[in-house]
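Q: this is a predicted model, with the sequence first.
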Amino acid sequence: MRDLIDIWVGIQTWIFETFVGPALFHFGQMAWYEPGYNAVEFVMLGVVQIAVIAIGMRFFERRWPLEKPGKDDGLILVDQVYTLLNKLGVVPLAIFVVTYPLVQEIELTVRAWGYAPPRLERVLPWLGDNALASFLLYFVLYDFAAYWLHRAQHGFSWWWALHSLHHSQRRMTVWTDDRNHVVDDLLITLALVLFAQLVGVQPGEYVVILMVGRLVESWSHANVDMSFGWLGNRLLVGPRFHRLHHALASAEERHIQDHNFAPVFPIWDILFGTAIYDERNRPTGVADPMVDADNGRGWAVQQVTVFWRFARALVPRLRRATAL
């Protein structure tokens with residue numbers, strides 16, 4: 001394991017010293033030296049995630065598909081663009097540039113107040129001797145926060161205007177998880193980073209938590225007819241559980257998407273009464289024709305169209321002007 005870590009760090013250092021460091025020096029941006037080094041690792045992790053999705057998860061989709069290939073397969077292409085832009089760091093870099101100064105300012109303010117993040121190891125000293133237990137506990141806290149943020153995405157009309165882009169896809173696959181508006185990603189990223197700081201998650205731990213969590217979420221969107229079994233489906237979110245969250249609403253199930261919010265651990269849905277377990281195979285998408293129209297649009301057009309939808313939901317004056 002130590003040899004693998006040394007190889008990984010060696011590749012990260014070579015990429016940074018060969019390409020990123022000289023570019024920062026050339027443009028006089030050495031203040032971004034440390035974030036730039038960390039960004040290289042983020043991109044490397046993205047390459048690993050894409051490989052896991054494209055080689056590992058896609059194998060199961062091809063071998064045991066829930067929905068057979070059909071006329072809507074072309075809708076998947078834009079989701080693949082989303083995955084490449086997100087996993088290779090293009091969208092996260094833009095978000096990082098926007099949020100980094102704000103997060104730094106918050107950190108300085110909190111330190112000036114004399115507040116120190118309450119590391120769980122201080123409360124539970126035995127965690128300091130068990131790296132795996134520490135990671136799992138922080139992972140559970142991260143997922144708890146993500147569950148409530150996901151409910152907020154559905155609960156506020158202005159946030160749903162953004163998040164509805166994610167739900168508009170009629171052909172869910174392992175690529176669908178990254179189908180999000182950049183403003184939606186920015187809001188979620190900022191909230192989770194601040195939460196991580198509040199509970200004392202270290203930067204290195206947060207990167208691993210984020211990577212593992214996003215891989216599980218990619219799998220939960222997979223077009224596969226598989227199950228973890230009765231117990232497994234209550235321990236880890238799988239494709240059947242999460243597919244119901246993306247189900248197309250009907251007259252009988254108008255609020256079907258207000259269930260199964262948990263990103264990784266279904267326990268939150270079970271505890272807070274939002275879990276539904278059944279074996280029905282429902283079509284996915286959004287009944288609203290304006291949202292359904294996201295299908296067939298490219299990445300850039302989706303981003304512009306959904307931002308305008310968000311602005312109308314956020315500013316009543318724009319909403320009234322559109323109605324006229």
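A: Nice, thanks for sending it over. Numbers count the residues shown, from 1 in each chain.
Q: so which residue is dead centre in this structure?
A: When C-alpha atoms, centre = their mean is applied to the chain, the residue found nearest the centroid is residue 214 (5.6 Å).
Q: who's in contact with it?
A: Contact partners of residue 214, counting by C-beta atoms under 8 Å, 6 or more residues apart in numbering, are 49, 177. All C-beta spots, glycine's among them, are computed from the backbone N, C-alpha and C.
Q: rerun at 10 Å
A: 45-46, 49, 53, 86-87, 177-178, 263-264 (C-beta atoms under 10 Å, 6 or more residues apart in numbering).
Q: one more: residue 76?
A: Residue 76 neighbours (C-beta under 10 Å, 6+ apart): 69, 169-176, 223.
Q: quick one on the thing from earlier: reformat the contacts of residue 214 as CSV; add distance to residue 164.
A: Conversion of those to CSV gives the following (distance: C-beta to C-beta, whole Å):
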residue, distance to residue 164
45, 29
46, 26
49, 25
53, 24
86, 18
87, 23
177, 15
178, 16
263, 18
264, 22
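Q: mind giving me a markdown table with those residues and columns for neighbour count and pLDDT?
A: Output for the contacts of residue 214, formatted as a markdown table (neighbours: other C-beta atoms under 10 Å; pLDDT from 0 to 100):
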| residue | neighbour count | pLDDT |
| --- | --- | --- |
| 45 | 18 | 88 |
| 46 | 21 | 89 |
| 49 | 20 | 94 |
| 53 | 24 | 96 |
| 86 | 22 | 91 |
| 87 | 24 | 90 |
| 177 | 25 | 97 |
| 178 | 24 | 96 |
| 263 | 22 | 97 |
| 264 | 24 | 97 |
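Q: from the chain's centroid, how far away is the strand or helix carrying residue 77?
A: For residue 77, the host element (DSSP states H and E) is helix 76-87. Distance of helix 76-87 from its chain centroid, counting by C-alpha atoms, centre = their mean, to the nearest Å, is 13 Å.
Q: dump it to PDB, restricted to CA.
A: The C-alpha coordinates for helix 76-87 follow below in PDB (Å, rounded to 0.1, in the frame of the first residue of the first chain):
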ATOM      1  CA  ILE A  76     -27.500   9.800 -22.400                       C
ATOM      2  CA  LEU A  77     -24.800  11.600 -24.300                       C
ATOM      3  CA  VAL A  78     -25.300  14.900 -22.500                       C
ATOM      4  CA  ASP A  79     -25.000  13.200 -19.100                       C
ATOM      5  CA  GLN A  80     -21.600  11.800 -20.200                       C
ATOM      6  CA  VAL A  81     -20.600  15.400 -21.000                       C
ATOM      7  CA  TYR A  82     -21.700  16.400 -17.400                       C
ATOM      8  CA  THR A  83     -19.600  13.500 -16.000                       C
ATOM      9  CA  LEU A  84     -16.500  14.500 -17.900                       C
ATOM     10  CA  LEU A  85     -16.800  18.200 -16.900                       C
ATOM     11  CA  ASN A  86     -17.400  17.300 -13.300                       C
ATOM     12  CA  LYS A  87     -15.000  14.400 -12.700                       C
END
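Q: circling back: which of the contacts of residue 76 sits closest to residue 252?
A: Checking the contacts of residue 76 against residue 252 with C-beta to C-beta, the nearest one is residue 170 at 19.5 Å.
Q: excluding chain neighbours, what is closest to that closest one?
A: In space, not counting the residues next to it along the chain, residue 170 is nearest to residue 285; the distance is 4.4 Å by C-beta to C-beta, 6 or more residues apart in numbering.
Q: scan the protein for its longest helix.
A: Longest helix in the chain, counting residues (DSSP state H): helix 131-155.
Q: packing partners of that helix?
A: Applying 3 or more C-beta pairs under 10 Å, 6 or more residues apart in numbering; DSSP states H and E, one finds that helix 131-155 contacts helix 120-123, helix 157-167, helix 182-199, helix 203-220, helix 267-271.
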